[in-house]
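Undergrad: pasted the sequence and its predicted model underneath.
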Amino acid sequence: MVLLRKLTRLKRLLGMTRKPATEWRQEYGLLRKPKDLPFIKKGWPQFEKAFDPANSQIPPSFRVYKPPIPPQSNVSRNVEDYTADNLHELYGKFQFEAQGVFHQNGYIAEKEVLDTAFNLHLVGWLKIRSTFMLGHVQGDTYALSYFKKYLEEKHLSREAGTLDWVRLWEFNTGLETPLKYKHLFCDKDRRKYKNRKIHILTTLERSQIIRLERESTDRRKADQAFLDANCVRNY
């Protein structure tokens, strides 16, 4: 009698239990896997990392380093606080990109642009090659405006080369001092001769492929024009 009563209760409970929605989440039942937790050592989780005795990144104690509170910005964000007398105290930055043809692998253009930016007391970096020019400069707003005008009006000598187009972006003013860069430098081409030779050959092959494709297209158009003009077909 007791066994039948327990069996009836079991059937009633099974009828009241909802079926798991396997479309939403897979139901493992009694074979549910435990949660994947990382190994914790002195309060820090240790994930799968390569063994490195010099940089274990494990603190010697349970103390956690708290960095100092960063100082508040002293740069005023109010436009009315700046006039023509103190506008030079406002620092800014921008990046530029230019394309053109620069003689002698861009050495003369690099010297002219570097001297111009250096005389304006700008800091950052420049990268000038034979076909393009990149740079990131920082300084006061007056110097940035002069350098921007210098780039847009393409003040390059004929010995340096010609500028086809110039693009400026990432304008920002109100930078905090000290600036990210301390001086102005040029990014030189420090590739080895072997890598430079491979890049030159790759460029020549690419230009030759483009030339051959253009010639084949022109020849195909000429043949089609001849067939249409003389009313003949090659079949």
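TA: Right, received. Where do you want to start? Numbering: from 1, shown residues only.

Undergrad: low-confidence regions, the chain specifically.
TA: Low-confidence segments of the chain, defined by pLDDT under 70: 1-22, 49-62, 64, 232-235.

Undergrad: so which residues of it form helices?
TA: Using DSSP state H, the helices of the chain run over 2-16, 107-119, 141-152, 193-230.

Undergrad: count the residues that sit near residue 144.
TA: Residue 144 has 22 neighbours, counted by other C-beta atoms under 10 Å. Heads up, the C-betas are built off the backbone N, CA and C, glycines and all.

Undergrad: and it, how far is that from residue 138?
TA: For residue 144, the distance to residue 138 (C-beta to C-beta, to the nearest Å) stands at 8 Å.

Undergrad: now do residue 117
TA: 10 Å.

Undergrad: now for the helices of the chain, which one comes closest to residue 178?
TA: helix 141-152 (16.4 Å; C-beta to C-beta).

Undergrad: and the angle for that closest one with helix 107-119?
TA: Helix 141-152 and helix 107-119 are oriented at 160 degrees to each other (axes from the mean of the first three to the mean of the last three C-alpha atoms, to 10 degrees).

Undergrad: picking that back up, okay, and the common contacts of residue 144 and residue 138?
TA: Counting by C-beta atoms under 8 Å, 6 or more residues apart in numbering, the shared contacts of residue 144 and residue 138 are 92-93, 122.

Undergrad: just put the helices of the chain in TSV and tack on distance to residue 86.
TA: What follows is these, written out as TSV (distance: least, C-beta to C-beta, whole Å):
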stretch	distance to residue 86
helix 2-16	78
helix 107-119	22
helix 141-152	11
helix 193-230	49
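
Undergrad: most surrounded residue in the shared contacts of residue 144 and residue 138?
TA: residue 122 (24 neighbours).

Undergrad: show me what the closest residue to residue 88 other than its chain neighbours is bridged to.
TA: Nearest non-adjacent residue to residue 88, counting by C-beta to C-beta, 6 or more residues apart in numbering: residue 140, 4.8 Å away. Beta bridges link residue 140 to residue 91 when assigned by DSSP bridges.

Undergrad: and residue 140, how far from residue 108?
TA: Distance of residue 140 to residue 108, given as C-beta to C-beta: 28 Å.

Undergrad: ok, now residue 83?
TA: Going from residue 83 to residue 108 by C-beta to C-beta gives 40 Å.

Undergrad: show me which of those two is the more surrounded one.
TA: Ranked by neighbour count (other C-beta under 10 Å), residue 83 and residue 108 place residue 108 first, with 18 against 7.

Undergrad: count the neighbours of residue 100 for me.
TA: Here the number of neighbours of residue 100 (other C-beta under 10 Å) works out to 19.

Undergrad: do the same with residue 130
TA: Neighbour tally, residue 130, other C-beta under 10 Å: 15.

Undergrad: so what's it up against?
TA: Neighbouring residues of residue 130 by C-beta under 8 Å, 6+ apart: 101-102, 105-106.

Undergrad: would JSON lines of the residues you listed with distance to residue 134 and neighbour count be doable?
TA: Below are those laid out as JSON lines (distance: C-beta to C-beta, whole Å; neighbours: other C-beta atoms under 10 Å):
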{"residue": "101", "distance to residue 134": "16", "neighbour count": "13"}
{"residue": "102", "distance to residue 134": "12", "neighbour count": "25"}
{"residue": "105", "distance to residue 134": "15", "neighbour count": "13"}
{"residue": "106", "distance to residue 134": "11", "neighbour count": "23"}
